[in-house]
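Chemist: Just a sequence and a predicted model for now, questions to come.
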Amino acid sequence: MKNLKNRKVLIAMSIVLAMIIMASATFAWVTSKNTMVNEFMNEGFGNGSGLVVNENFPEPTLEIGVTTPKEVSVTNTGASPMLARITFEEMIKLLGNDGAITPQTTAAVPAGMIRVPFDINSVSGGAWEEITGRTFAPALPGTVRVFKIGSVYKACHEYEPGKYQVVNFSARANADSTSFTDVVLSYSCYTEGTAKFNSWNLAHNYDKWDAQTLLGIKPADKDKSTVNTAEVTLTYGSTFAAVPTQDKWFYHPDDGYFYYIGVLAGGETTPVMLEGVHLEGTANQDTWQKHEYTLVVAVEGLQANKAALLDTDTATGPAAGWKLPAGSLLNALNDAIDTFNANA
């Protein structure tokens, strides 16, 4: 098993929240959409009057052969009974030139290249010593910092406050290392690569993606990533059903949504829907340390009303409801509404 922590593997799993709230029995639906993207650890959020996402995401790195926890559920924080459904958007990006580093003689970044990031925490504390108050010839730029432990040196370029780039440093030190001559610096860069994006419901909810690069895949298999089907799998909670079933999650491949078959009263929470992201043991370490993978979870809520489930586009505008066709999914959600109302 190969651990990719502290390397260039980023799993920026993020959440988008989209709320659809029915205003009255006149079937005029008022909609609102709130988009928020947080990388790494995310907390529940919302507009204070509807659904919020609860997320447990303790480890924002992918490890070969391991399932990284990414637990998602939904809570109704409002007073109105709500229905909930979820869809995904994904991005995977691989560096160009097989991730090879190209040194640059100046700090300027050429077109088509990106800086190799430097982890400043790797030299914080411990035995690492920052070399200050020394003489360098040629002199170091003010943005370059050099660290030393024994005979090992590391250097970085602070190109923005708190953002660092790897710098290759070589020099000739005098006997007591108080001065350095023949200083040579190079600034490490990657070649930009290509990216693949996909919106499971084809709606392009997340405005970070370039709409022209979306794959347009509505997956039949909920367990496979749409941007890397061979190596990335998604794992789910135990409350999934192959057919629409009360109090369980159901994936509907016709529209790319996961539906919770039940009505959430105020304060109620669904069972865990997504549990984690798994990177197959056959994945190549050298390749994956140069990937960036992002999973966006888009949650939509609709007030529990049968007419809202059937709402369709009209000449005056698009539907605010879910436009569900006749079938087992619509029947199950209607039954859930009836059961809720009978017990209210």
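Modeler: Yep, that arrived. Numbers count the residues shown, from 1 in each chain.
Chemist: Output the longest strand belonging to the chain.
Modeler: For the chain, the longest strand by residue count, based on DSSP state E, is strand 82-104.
Chemist: Of all the residues in that strand, which ones are buried?
Modeler: 82-95, 99, 104 (16 or more other Cβ atoms under 10 Å). Using the backbone N, CA and C atoms, a C-beta is placed for each residue, glycine as well.
Chemist: Just the closest of these to residue 299, please.
Modeler: residue 86 (5.2 Å; Cβ to Cβ).
Chemist: ok, residue 276 touching residue 63?
Modeler: No - with contact defined as Cβ atoms under 8 Å, residue 276 does not count as touching residue 63 (11.3 Å).
Chemist: quick one, strands of the stretch 51-200 of the chain?
Modeler: 51-56, 67-76, 82-104, 113-115, 129-130, 135-136, 144-149, 152-160, 163-173, 179-199 (DSSP state E, counting those that start in this stretch).
Chemist: what's the closest of the ones you listed to residue 324?
Modeler: strand 82-104 (10.0 Å).
Chemist: From the contact counts, what lies against the closest one?
Modeler: With contacts taken as 3 or more Cβ pairs under 8 Å, 6 or more residues apart in numbering; DSSP states H and E, strand 82-104 sits against strand 67-76, strand 179-199, strand 257-260, helix 285-288, strand 291-303, helix 328-343.
Chemist: pLDDT below threshold where in the stretch 101-250 of the chain?
Modeler: 204-213 (pLDDT under 70).
Chemist: one more time with 80, if that's ok
Modeler: Scanning the stretch 101-250 of the chain for pLDDT under 80 picks out 125-126, 193-195, 203-214.
Chemist: Spell out which residues make up each domain of this structure.
Modeler: 10-95+193-343, 96-191 (automatic domain parsing).
Chemist: winner for burial among those domains?
Modeler: Mean neighbour count, computed with mean count of other Cβ atoms under 10 Å, is highest for domain 10-95+193-343 among the domains of the chain, reaching a mean of 17.
Chemist: How far does it sit from its chain's centre?
Modeler: In this view, domain 10-95+193-343 has its centroid 13 Å away from the chain centroid, taken as Cα atoms, centre = their mean, to the nearest Å.
Chemist: Then stretch 175-188?
Modeler: 40 Å.
Chemist: Touching it from outside, list them.
Modeler: Identification of contacts with stretch 175-188 by Cβ atoms under 8 Å, 6 or more residues apart in numbering yields 101-107, 115-116, 131, 134-141, 144, 148, 155, 157, 165-174.
Chemist: so residue 159 sits right up against residue 165, yeah?
Modeler: Yes - if you go by Cβ under 8 Å, residue 159 and residue 165 touch, sitting 5.5 Å apart.
Chemist: okay, and the common contacts of these two?
Modeler: What both residue 159 and residue 165 touch, as defined by Cβ under 8 Å, 6+ apart, is the set 107, 115.
Chemist: How about the contacts made by residue 241?
Modeler: 248, 249, 250, 261.
Chemist: Residue 200 - nearest residue in space that isn't next to it in sequence?
Modeler: Excluding the flanking residues, the one nearest residue 200 by Cβ to Cβ, 6 or more residues apart in numbering is residue 256, at 3.8 Å.
Chemist: distance of the one you found from residue 216?
Modeler: 11 Å (Cβ to Cβ, to the nearest Å).
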